[in-house]
Structure formats: C-alpha cells, structure tokens
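J.: Below are the sequence and a predicted model; questions follow.
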Amino acid sequence: MDKKTASKFAQALGSLGKADVIPEGWATAREIADSQGVSMPHMQKKIRALVESGTAEMQRFKIKTSRGFYPVPHYRIK
C-alpha cells in the first residue's frame, strides 16, 4: 500500500472513535421527549409528522452511546 492510501485509511480509522460536534439547535428525539415530558414513541410520531410536513429537519450526528460511537438522528425546527 502506498503512503497516500495508508494516510487516507489512518484518517478514516481515526475518525471512527470521535463524536461529531453538534451545532446549536439540534436535539435527539429522547432529549425532546424528556423536555416535553412525553414518551419516546409519542414524540417520535410527532417528530416524524413535523419532518414530513417540512417544519423540521433531520440530520445524523455521530455521538457516543452505550454501544460506542453511532450516527444518531438529531432534529431541529426550520
């Protein structure tokens, strides 16, 4: 393997164990449900309706979970 390819692999592997920086205004469904005092299934249904109507948007950010670093959907109102 040449040095350029090895460098690209090293960068990709290094980014596997890092969380993304979450911009201001984005929250997970669990965070929104907790702040509103409702259950997760109820909030997911409401968020799905907001995303489908175009009122909210979804983007996946990699965060540290109990299972490791995973892309988790985050939402914000447009």
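T.: Nice, thanks for sending it over.
J.: can we go C-alpha only for contacts and neighbour counts from here?
T.: Will do.
J.: Can you tell me the element Ile63 falls in?
T.: Assessed by DSSP states H and E, Ile63 sits inside strand 56-65.
J.: Tell me where this protein has helices.
T.: Assigned helices in the chain, in chain order: 3-16, 29-36, 40-53 (criterion: DSSP state H).
J.: Dump those to TSV, plus mean neighbour count, distance to Lys64 and mean pLDDT.
T.: Formatted as TSV, the helices of the chain follow (neighbours: other Cα atoms under 10 Å; distance: least, Cα to Cα, whole Å; pLDDT from 0 to 100):
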stretch	mean neighbour count	distance to Lys64	mean pLDDT
helix 3-16	11	11	70
helix 29-36	15	14	96
helix 40-53	14	19	97
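J.: Quick one: the ones you listed as JSON lines, columns for distance to Pro71 too.
T.: Supplementary listing: these in JSON lines, determined by distance: least, Cα to Cα, whole Å:
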{"stretch": "helix 3-16", "distance to Pro71": "11"}
{"stretch": "helix 29-36", "distance to Pro71": "13"}
{"stretch": "helix 40-53", "distance to Pro71": "17"}
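J.: wait, which of those is closest to Ile22?
T.: helix 29-36 (13.2 Å; Cα to Cα).
J.: Can you tell me which helices and strands the closest one packs against?
T.: helix 40-53, strand 68-77 (3 or more Cα pairs under 8 Å, 6 or more residues apart in numbering; DSSP states H and E).
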